[in-house]
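In: The amino acid sequence is not available; the structure is as follows:
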């Protein structure tokens with residue numbers, strides 16, 4: 001589990017930085033200010049949760065149980081759904097993709113809840 005979560009953290013961190021640079025340099029003259037802000041929100045949440053997945057990797061090596069692992073899975077799915085839907089929405093203009101975004105947000109919340117429950121169980 002350690003290797004998998006470290007690789008996910010590295011992948012999402014790398015692509016988050018690349019997408020942020022792409023937006024700042026390649027999209028600033030192609031997207032409206034509102035769409036750039038939406039894209040930036042996706043990048044921010046991706047990078048924050050890439051660090052959370054890194055934390056999950058470290059914690060999973062030291063804490064027993066499945067909650068920490070589930071937190072990492074929820075964070076990864078959240079990035080794909082939340083940030084991914086925002087990227088697609090801004091690049092395609094298909095506003096119906098915004099329906100997916102809250103599902104990613106729920107995954108983020110679920111991941112943080114799992115971490116909280118794992119901490120609670122430590123007693």
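Out: Structure's in. What do you need? All figures in this text were calculated on a predicted structure; none of them were measured in a lab.
In: in this structure, which residue is closest to the centre?
Out: Among the residues of the chain, residue 79 comes closest to the average C-alpha position under CA atoms, centre = their mean, at 2.9 Å.
In: so how far is residue 9 from it?
Out: To residue 9, residue 79 is 10 Å away according to CB to CB, to the nearest Å. The C-beta positions use only the backbone N, C-alpha and C, and glycine is treated the same way.
In: Determine the residues that are contacts of both of those two.
Out: Here residue 79 and residue 9 have residue 50 as joint contacts, going by CB atoms under 8 Å, 6 or more residues apart in numbering.
In: buried sites along stretch 40-58?
Out: Of all the residues in stretch 40-58, those buried under the rule 16 or more other CB atoms under 10 Å are 40, 42-43, 45-47, 49-50, 52-57.
In: now residue 67, nearest residue through space, not along the chain?
Out: With sequence-adjacent residues excluded and distances taken as CB to CB, 6 or more residues apart in numbering, residue 67 is closest to residue 118, at 3.9 Å.
In: SS state for that neighbour?
Out: helix (DSSP: H, G, I helix; E, B strand; the rest coil).
In: Quick one: the helices in this protein, in order.
Out: Along the chain, the segments classed as helices by DSSP state H run 2-21, 33-60, 67-78, 84-92, 101-121.
In: which residues touch residue 105?
Out: Counting by CB under 8 Å, 6+ apart, residue 105 has contacts 78, 82.
In: tally of neighbours for residue 18?
Out: Burial measure for residue 18: 11 neighbouring residues, criterion other CB atoms under 10 Å.
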